[in-house]
Every structure is written in structure tokens, then in C-alpha cells.
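1. below are the sequence and a predicted model; questions follow.
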Amino acid sequence: MNASLQFSNAAEFVTPLLTVFAVDTASKPDVPSLSLLTTEETILAAAAPFLNSGEFKAEAGGTLLLHAPAGLKAQRLLIVGVGKSEKLSTAELRKAAGAAIRTAKTKSILDAAIVFPKLDENLDVVAASRALTEGILLADYDADTYRSEREDRSMQNIALLGDTSLRAELESGFHEGEVFAAAQNFARSLVNEPGNVLTPAELGKRAAAMCEANGLSCEVHSTEKLKELGMGAFLGVAQGSVQPPALIVMRYKPAKVANNNVVALVGKGITFDTGGISIKPADGMDKMKYDMAGAAAMIGAMQAIAALKPAVAVISVICSAENMPSGSAYKPGDVLTAMSGKTIEVMNTDAEGRLVLADGLHYAKTLGATHLINAATLTGACVVALGKLNSGLFSNDDAAVALFRNAANTTNESFWQLPCTDDYRELIKSDIADIRNTGMDRWGGAITAAMFLKEFVGETPWVHLDIAGQAWIDDARSYIAKGPSGVAVRSIVEWVRVLAQ
Ligand code: BES
Ligand code: ZN
Ligand code: ZN
């Protein structure tokens, strides 16, 4: 798909589908209740008879398609609502651009143009251009790559039509949007791969190829190195599978640094989670190929970091394994010794993500991390607690949370903080080892998982994202097809940029 930013007159632009945004201005007394976000008289005139009919209300994501619009070179005019004017935000623009592309795709219209909206002063042009570009590119992604006759047909050309007076801002936002969306779509493509294709070794190959193409260094290790490092928790999980584990280490070194921060991105890369000996029910187990979405988010984020070149050192540690039941699998009751030296009583082999991350987080610290962030499809309990619209956010450091919140505000991703305070530590005490890998009872399972991770980060500022509920979506949303969402990629990259200041 070729997405471009063009500075042409929208009315004269030859395209099968021209998109313009409409805002609901009902709360503003002196203006008609709906306005198109363009000053282009020909477009306003072409749309007027339809808009005046009152059938279209400009609700967010609503669409109205007009054929042969009078006076325009476009074959069709698509009007996409962005909701109430006072609520207009980058989030709404991203969704609206996505709605335009998803509408075009369902009608097999594979060439389209979008008129960059006329904005109030309170909306930043760079941010708007970035959000629209992200919406366009994220909406183009579909997951049916293994269908012989693909229903999805990727868009061929999309042009964002801007005004030359805003050229510099539009270009900067467009470029950023391309980088962020490509990273997120790359993560989605990894998450979409089935477990038989994307083994830990294959994940290592894909990460290495990305690094090679983007000037990052990358090492992929396996069992021997894990033994050398004493990663007993990670090895415990991996030992049940014939697929060897992969410890992937990616590094970004900036030309100039703004500070001495070393940011570490740690990802859970379970390429398939059967639950192991504590096996999961058959129903829905197929989905457990997405148990490497945290790893994919970090690999995607590293791709964006390589392109954006923030002035801070970044490393990424991915712990990838397959969690299988077998004669060699670890068992409930086993005691594992983590790289940090802590001993862990395994109560449930399905609580494997925290085990691989325990060694990944500790290892990242030995590599010099001053800030840690991890993403993981860690617990079903987090989905029970927050539903599917927010990911869990846990931390040992309020300042790190504040910076992460800034980042997530920029990217419009939703995270909700849950407690991770020491009073919960009681719940992961073991009778025979330092800690156990599940809580005493079934309550607060997302928190006990976070408490377990906290044991391995010490005093290093750390943010843990539990993305179990958001990494895979069952119903398509405005700009995201059903399937892998690529959640957290944008916010992780943005957080790194904040830490580069
Ligand atoms: N990969 C799962 C968590 C998960 C659940 C991800 C649903 C995506 C959707 C994780 O390894 C797991 O199985 N966790 C257990 C922990 C329990 C055994 C303490 C869970 O959440 O049930
Ligand atoms: Zn599990
Ligand atoms: Zn898992």
C-alpha cells in the first residue's frame, strides 16, 4: 500500500473516493449543527443537499457516501463523522481516518484520498497529521493472511491532502505516523502467526531480520546461554517443549545521549501457552498463540526506535518459549532457582509468563537498565478486572507512572493502574521456597502476578503492562480489524522518547 501526503486541491483531485470529516457543532449557538471540516467551497456545495436533509448527524465513526458529487473530480464523496466539536481530539481523528479506510475496503475501493481537516487552534497540526496517518495505516491491516482467496484486499493508494501553508507540520506528523503505524502493524503480523510457524527460534529470526534492516544490534541465544546465565525460571518453562527457547537481546545506541538512562523493554514471548501440566481447557486454547504479544510489542517498538532515533540508550530482552505438557515438562511442586538466586515454588505451570519475565527483568538489570518496562499477556484475571478496553498498569515508581501516563495521553492508548504495594506480598509467600508463582487464592490474580515480577526488579523504576485483554480483539473497531491489535507499541515508544529528554 502506498500512503502519501500530497498538497493538491481536493476538489480537483482525481480519485474513486474523497473523504472529508464532519463535526457535530450542536452546542455552538450560532453555527449550523453540523459542519464539514474543510473550507473548500466546491466540497461544501456538493455535500450541502445531503447534509441539510438531517439524516447524517456527524456522530463519531458515522459515514455517509455520496456518488458523483457535483463539481468534484472524485467519483464519490465519503463524509465521516468525528463527533462533537468540543470533544474533537487526535483520538477521534485516528478513528475517523480508520473508519474511512475500513469503509473503502469493505466496498473494494482500493484508492482513496482524505482531506486534512480544518482544525481549531487547540489541536496541534503535527499531532493531528500523525493520528490521521496512524488511523489510515492501522486500518489497512487485516489478519487473513493464510486464506487462499483473501477477503482482505489491502488499499493500493491513499493520499492525505493537505494545505501547503502547513507543509512542515504535516510532513513531520505524517512521517511519525508512518513509523508508529509500521511498528504496530509489524507487531500485529508477528502476533497473528500461528504457533507452528512462529516458534521461539523463528521469533528470534524475525527480530534479527528487523534489527539487521534497521541498524540495531541483535543476539539470539538458546538453552546453553540460559544455563550459563542460570536462568532457572525461564528454563523451567522451556523444558517441556521440543522447541528450544530463545533469549533475544536487541540494542539501540544513539549517536548522542541526552542523559545516562538505559531503558530496557522486556517482553513475554510464549509462542504457545497450553498451560503445561496444569493444562488449559480446549475451548479457546487456539488463541494462546497470542501469548507472545508482549514480545511482539517490544520488537515493533524497537523498529520504531531505530527510525525515530531518540537520544537515549535502549535495550530489549525477549524471553521466548513454548509452554507444553510432556514427559520433560516442569510440574506443580517443582522448585526453580531464578537467575537472581530467588527460589520459586511452582504452584501452577500455567503461570509461566511471570517465570520467564523474572529472568528477563533481572537480566536486563545486569545489562545496565536504569528503567524497566515489560509488556505481557500475563493474566486472565486482568481481563476480568478491567474488561477489554484498558490494559493493566502496575509499577514500583510514581514518577515512572507519571511519565508513562504522559506517553499514553499522546498515543491515546488506555491503561488503568492497579495496586502493586507490598501489603500484597503475603499472597506469594511459599512454605518451602522464597516465593510461589501464584497467589494464595484466586482473588486479585493480576496483582499477585505483578507482585511476583516486582520481586525481580528491585529498586529500578519499572512499569508492567498486562495486555491480556487488549492484545487480541474479537470484534473489529473503527480502525482496528479483529485479531491482533498491536496494543502498547505506540505508548512504549513514546515513553522511551519521554525518557530521552
Ligand atoms: N497466557 C495466560 C494469560 C492469558 C489469559 C492471556 C487470557 C490472554 C488471555 C497466562 O499464562 C495464564 O495462563 N495465566 C493464568 C495464571 C493462573 C494460573 C494463576 C490465568 O490467568 O489464569
Ligand atoms: Zn499460562
Ligand atoms: Zn501465558
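-> Sure thing, it's come through. Ligands and ions are numbered 1, 2, ... in the order given.
2. give me the number of residues near the closest residue to ligand 3 within the chain?
-> For the chain, the residue closest to ligand 3 is Asp273, as judged by C-beta to the ion, at 3.8 Å. Yep, even glycine has a C-beta here, placed from its N, CA and C like the rest. By the criterion of other C-beta atoms under 10 Å, Asp273 has 26 neighbours.
3. correct me if wrong: it contacts Asp291.
-> Yes: counting by C-beta atoms under 8 Å, Asp273 touches Asp291, with 4.1 Å between them.
4. which neighbours do the two have in common?
-> 323, 353 (C-beta atoms under 8 Å, 6 or more residues apart in numbering).
5. please report how far Lys84 lies from Thr25.
-> To Thr25, Lys84 is 8 Å away according to C-beta to C-beta, to the nearest Å.
6. repeat for Ala187
-> Counting by C-beta to C-beta - Ala187 and Thr25 are separated by 37 Å.
7. which one's more surrounded, the two?
-> Neighbours around Ala187 and Thr25, counted as other C-beta under 10 Å, are more numerous at Ala187. The numbers are 32 against 17.
8. now whatever helix or strand the more buried one lives in: buried residues?
-> Element membership for Ala187 (DSSP states H and E) is helix 167-192. By neighbour count, and taking 16 or more other C-beta atoms under 10 Å as the criterion, the buried residues in helix 167-192 are 169-170, 173-192.
9. from those residues, list the ones also adjacent to ligand 3.
-> Applying C-beta under 5 Å from the ion, the subset of the buried residues of helix 167-192 adjacent to ligand 3 is empty.
10. what does the stretch 201-350 of the chain have sitting close to ligand 2?
-> Counting by C-beta under 5 Å from the ion, the stretch 201-350 of the chain sits next to ligand 2 at 273, 350.
11. and the helices in the stretch 201-350 of the chain?
-> Using DSSP state H, counting those that start in this stretch, the helices of the stretch 201-350 of the chain run over residues 223-229, 232-238, 293-308.
12. just to revisit the earlier point, just list whatever residues bridge to the residue of the chain closest to ligand 3.
-> Assessed by DSSP bridges, Asp273 has beta-bridge partners Asn323.
13. still on that earlier bit, quick one: the helix holding Ala187 to helix 293-308, angle?
-> Relative orientation of helix 167-192 versus helix 293-308 (axes from the mean of the first three to the mean of the last three C-alpha atoms, to 10 degrees): 150 degrees.
14. what is helix 167-192 packed up against?
-> Applying 3 or more C-beta pairs under 8 Å, 6 or more residues apart in numbering; DSSP states H and E, one finds that helix 167-192 contacts strand 2-6, helix 125-140, helix 200-214, helix 293-308, strand 483-484, helix 489-499.
15. ok, now with 6 Å
-> Contacts defined by 3 or more C-beta pairs under 6 Å, 6 or more residues apart in numbering; DSSP states H and E place helix 167-192 against helix 125-140, helix 293-308, strand 483-484, helix 489-499.
16. what's the last one packed up against?
-> This means helix 489-499. Using 3+ C-beta pairs under 6 Å, 6+ apart: helix 489-499 touches helix 167-192, helix 293-308, helix 398-411.
17. hang on, the earlier thing: quick one, what contacts the residue of the chain closest to ligand 3?
-> Going by C-beta atoms under 6 Å, 6 or more residues apart in numbering, Asp273 touches 288, 291, 323.
18. in CSV: the residues you listed, plus pLDDT.
-> Converted to CSV, the contacts of Asp273 look like this (pLDDT from 0 to 100):
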residue, pLDDT
Met288, 98
Asp291, 99
Asn323, 99
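19. so which of those residues is the most crowded?
-> Asn323 (30 neighbours).
20. quick one on the thing from earlier: overlap of the contact sets of Lys84 and Thr25?
-> Joint contacts of Lys84 and Thr25 (C-beta under 6 Å, 6+ apart) do not exist.
21. the residue of the chain found nearest ligand 2: neighbouring residues, count only.
-> Closest contact between the chain and ligand 2, by C-beta to the ion, is at Asp350 (3.8 Å). Neighbourhood size, Asp350 [other C-beta under 10 Å]: 20.
22. what's the neighbour count on the closest residue to it other than its chain neighbours?
-> Leaving aside its chain neighbours, Asp350 sits nearest to Gly275 (3.9 Å; criterion: C-beta to C-beta, 6 or more residues apart in numbering). When neighbours are counted by other C-beta under 10 Å, Gly275 registers 18.
23. equivalent analysis for Gly483, please.
-> Gly483 has 19 nearby residues by other C-beta under 10 Å.
24. try Leu367
-> 12.
25. if I look at it, how far off is Asp142?
-> 37 Å.
26. Ile373 too?
-> 29 Å.
27. next: Ser217.
-> In terms of C-beta to C-beta, Ser217 sits 33 Å off from Asp142.
28. so which of the two has more stuff around it?
-> Asp142 (20 against 13).
29. ramachandran angles for the closest residue to the more buried one other than its chain neighbours?
-> Using C-beta to C-beta, 6+ apart and skipping residues adjacent in sequence, the residue nearest Asp142 is Asp152, 3.3 Å away. Backbone geometry at Asp152, expressed as degrees, to the nearest 10, gives phi -70, psi 130.
30. count of neighbours near Asp152?
-> 13.
31. right, and it touches Ala143 too?
-> No: applying C-beta atoms under 6 Å, one finds Asp152 not in contact with Ala143, separated by 7.8 Å.
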